[in-house]
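Engineer: sequence first, predicted model second:
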Amino acid sequence: MEVAPFAKQYPRTSIHLPSDVRYANDDVTKAVLDKAFELYQAIGAELVVVHPDLIDSTELFGQYPMNFSAENMDCRNKAFKNVDDLKKFFEENDSWGMVLDLNHCFSNDPSMKLADEFIAEFRARIKQLHISGYAGYHEPLYQTQQLIILDYAKQLDVPMVIESTFDAIEEVKTEFEYITGYLRAG
């Protein structure tokens, strides 16, 4: 667990399961969940994030004492982009939380009415926010200037993960300062 000493220095940590695996009642899923559980314990993670469109079966998930959350999907996906899809998922997986990805909301609906719907339906279930700009993927907000995404981040008192992508390390600081400056401004 090379990452454990690094991750333990942060007061809040979560794990995002791989997005190139189909999760079923099989050896591959068991191996991924075994590793995730080992890391979860080593770093004291609060949450494990999963893309629900990759789940064929949640049977093995119930064998691990971890806090699982399903993330709403972006415009490239066919399912789990709207309230009804996730509502059905949560009816079958009542103990799971939700990760509200505001970039994904924006990619499906730039008016952000979709974010309103998710918050109205799942506010108590939302455990974490993912934020970044959207010009086709996860561009930095300081570049896209999509303040509407950050306005929604102000509505919920839950941890946030900045998922912006960068070409240079200096951009990380610029993005962090842009986001925190806007959020602190009220």
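Structural biologist: On my side now, so go ahead.

Engineer: in the protein, which spans are helices?
Structural biologist: Secondary structure of the chain, counting by DSSP state H: helices at 4-7, 27-43, 83-92, 102-108, 113-122, 141-144, 147-153, 169-184.

Engineer: most packed of those?
Structural biologist: Mean neighbour counts were compared across the helices of the chain using mean count of other C-beta atoms under 10 Å; the top stretch is helix 102-108, at a mean of 25. Glycine gets a C-beta too; all of them are placed from N, C-alpha and C.

Engineer: so which elements touch it?
Structural biologist: Applying 3 or more C-beta pairs under 8 Å, 6 or more residues apart in numbering; DSSP states H and E, we find helix 102-108 packed against helix 113-122, strand 126-131, helix 147-153.

Engineer: recalculate using a threshold of 6 Å.
Structural biologist: Other helices and strands packing on helix 102-108, by 3 or more C-beta pairs under 6 Å, 6 or more residues apart in numbering; DSSP states H and E, are helix 113-122, helix 147-153.

Engineer: let's have these in JSON lines, adding distance to Pro18.
Structural biologist: JSON lines is the format used below for the helices and strands packed on helix 102-108 (distance: least, C-beta to C-beta, whole Å):
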{"stretch": "helix 113-122", "distance to Pro18": "24"}
{"stretch": "helix 147-153", "distance to Pro18": "25"}
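
Engineer: make a markdown table from those and add mean pLDDT and distance to Leu100 to it.
Structural biologist: As requested, the helices and strands packed on helix 102-108 are exported to a markdown table (pLDDT from 0 to 100; distance: least, C-beta to C-beta, whole Å):
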| stretch | mean pLDDT | distance to Leu100 |
| --- | --- | --- |
| helix 113-122 | 98 | 6 |
| helix 147-153 | 95 | 8 |
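
Engineer: those: which one's closest to Tyr134?
Structural biologist: Set against Tyr134 and scored by C-beta to C-beta, these come closest in helix 147-153, at 7.6 Å.

Engineer: C-alpha coordinates for that closest one, PDB please?
Structural biologist: Written as PDB, here are the backbone C-alpha positions of helix 147-153 (Å, rounded to 0.1, in the frame of the first residue of the first chain):
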ATOM      1  CA  LEU A 147     -19.900  29.200 -12.000                       C
ATOM      2  CA  ILE A 148     -23.300  27.600 -12.100                       C
ATOM      3  CA  ILE A 149     -21.500  24.300 -11.200                       C
ATOM      4  CA  LEU A 150     -19.900  26.000  -8.200                       C
ATOM      5  CA  ASP A 151     -23.200  27.600  -7.200                       C
ATOM      6  CA  TYR A 152     -24.600  24.100  -6.700                       C
ATOM      7  CA  ALA A 153     -21.600  23.100  -4.700                       C
END
